[in-house]
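Participant: Sequence first, then the predicted structure, then my questions.
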Amino acid sequence: MKRKLNIIPLLIVAFMFFALNGYVLSGLGTLNQSTWLSPVFWVFIVGLTFALFYAIQQMRIQGINRFFQIVSHTFLIIFTAEVVFAIVLLLGDVYRFLFSVTGSFNGNGFHLLARSNNWVYFAFAMFCLTIALFAYGITQGKYAYRVIKHTLYFDDLPKAFDGFTLTQISDVHAGSFTNPKAVQKGIDLINAQKSDLFVFTGDLVNNVASEIVPYIGHFSQIKAPFGQFSVLGNHDYGDYAKWPSEAEKIKNLDQLKAYHNTLGFKLLLDEHVELHKNGEKIILAGIENWGIGFGERGNLNKALANTATDDFKILLSHDPSHWDAQVKNYPSNIQLSLAGHTHGMQFGIEAFGIKWSPVKYRYKHWAGIKTENGRYLNVNRGFGFLGFSGRIGIWPEVTVIELKRK
């Protein structure tokens, strides 16, 4: 029996969408009262909407293609810019309404003030600025790699590792790359840090192991004296792709694991290694993806088996929700955890003392360093991108952490 489609939510969304566009058109009409404005505006909006529906239908059959990317990104940019325009315009309309009401209370009669052209021009300027920001994020921002450095202090860091450095990247999502030369700049930036250790915290691909093949020559250049280590992320398991059989899905995962080895990455699957220096050691552990809502595969107990409570430990775990759920209160001390996954949603602001992204409403800690119970967590903002082919305000990150003994 087919499930009945509930049309009411669709009607509500459609009404809100066309109400938004009608309000935007009213603002544009303040600046330009030409008779052609309204029909041209609606032809464009309706045409773009139908193109999006068609692109979605084709994407379900053929997968994500160039047409879908162009249409979906155009729709996203225009829609976001319209929301910004409408918010600014609404502030002006509310002000003029309230001012008119105040005037009526003073006995001047109620005459709604006309919109200020200057305010509408300001709203339109914000509309254009939004489009410009998205254009920058798509063409430049997604490859605008940043090095972010942290120095962390520990009472129990072995003396031999005082000043030890590690470079972390996360969320490569190789299937999204379109510019090998830009990716190479990121690789050069990683190697330029000359860290003692390199770690990768998951999501090498979007869905299919073959996505990394064109970039094996790039990522295999990464070298560090104490080695290159990695873990899997939620996208690496192929959970978001359709497979002819479970056997094909498993084969894909096995191939991806083999590619880690080809890259020169030691893949840690619920296991640990000992890093030795001048007769002392630290533990580097890595678990399979463990994330609330994204598969709780990893086994922390297994990864730390046969380690001592007072060993100095660094944990690679893709999803930061694992830290809150298990790691920060784990009986055996895990001094530093390294995660990724959030991408900072590839959109937000980190400037002038402000740190905000919509992803904060999903994750308690979504970027940078957090400390609790004497333990540290670093969430890398991601090296690549997914979904939205760009970054605005949350730039791709190469993290460098220096360990210091107090």
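Facilitator: Thanks, I have the structure now.
Participant: ok, the residue most central in space within the chain - contacts?
Facilitator: When Cα atoms, centre = their mean is applied to the chain, the residue found nearest the centroid is H343 (2.2 Å). Contacts here follow Cβ atoms under 8 Å, 6 or more residues apart in numbering; on that basis H343 touches 171, 359, 381-382, 385-386, 394. Using the backbone N, CA and C atoms, a C-beta is placed for each residue, glycine as well.
Participant: Work out the gap between the helix or strand bottoming out on mean pLDDT in the chain and the centre of the chain.
Facilitator: Here the helix or strand of the chain ranked lowest by mean pLDDT, DSSP states H and E is helix 66-105, holding a mean of 87. Relative to its chain's centre, helix 66-105 lies at 26 Å (Cα atoms, centre = their mean, to the nearest Å).
Participant: repeat for stretch 241-249
Facilitator: Taking Cα atoms, centre = their mean, one finds stretch 241-249 lying 26 Å from the centre of the chain it belongs to.
Participant: Name the residues of it that are buried.
Facilitator: Using 16 or more other Cβ atoms under 10 Å as the test for burial, stretch 241-249 gives K249.
Participant: Quote the end-to-end distance of that stretch.
Facilitator: From its first residue to its last, stretch 241-249 covers 9 Å (Cα to Cα, to the nearest Å).
Participant: Please apply the same query to stretch 242-249.
Facilitator: End-to-end for stretch 242-249, by Cα to Cα: 9 Å.
Participant: And the contacts of that stretch?
Facilitator: Identification of contacts with stretch 242-249 by Cβ under 8 Å, 6+ apart yields 237-238, 241, 252.
Participant: run the last query once more with 6 Å
Facilitator: G238 (Cβ atoms under 6 Å, 6 or more residues apart in numbering).
Participant: got it, and stretch 399-406?
Facilitator: With Cβ under 6 Å, 6+ apart as the test, stretch 399-406 has contacts from 148-151, 153, 155, 157, 161-162, 164-168, 193, 380.
Participant: likewise stretch 189-208?
Facilitator: Contact partners of stretch 189-208, identified using Cβ under 6 Å, 6+ apart, comprise 145, 164-175, 211-212, 222, 224-226, 228-233, 235-236, 238, 240-241, 316, 318, 338-340, 398, 400.
Participant: any idea how far it is from the chain center?
Facilitator: Worked out by Cα atoms, centre = their mean, stretch 189-208 lies 16 Å from the chain centre.
Participant: Same question for stretch 386-400.
Facilitator: Distance, centroid of stretch 386-400 to centroid of chain: 6 Å (Cα atoms, centre = their mean).
Participant: which parts of that stretch are buried?
Facilitator: Buried residues in stretch 386-400, counted by 16+ other Cβ under 10 Å: 386, 388-400.
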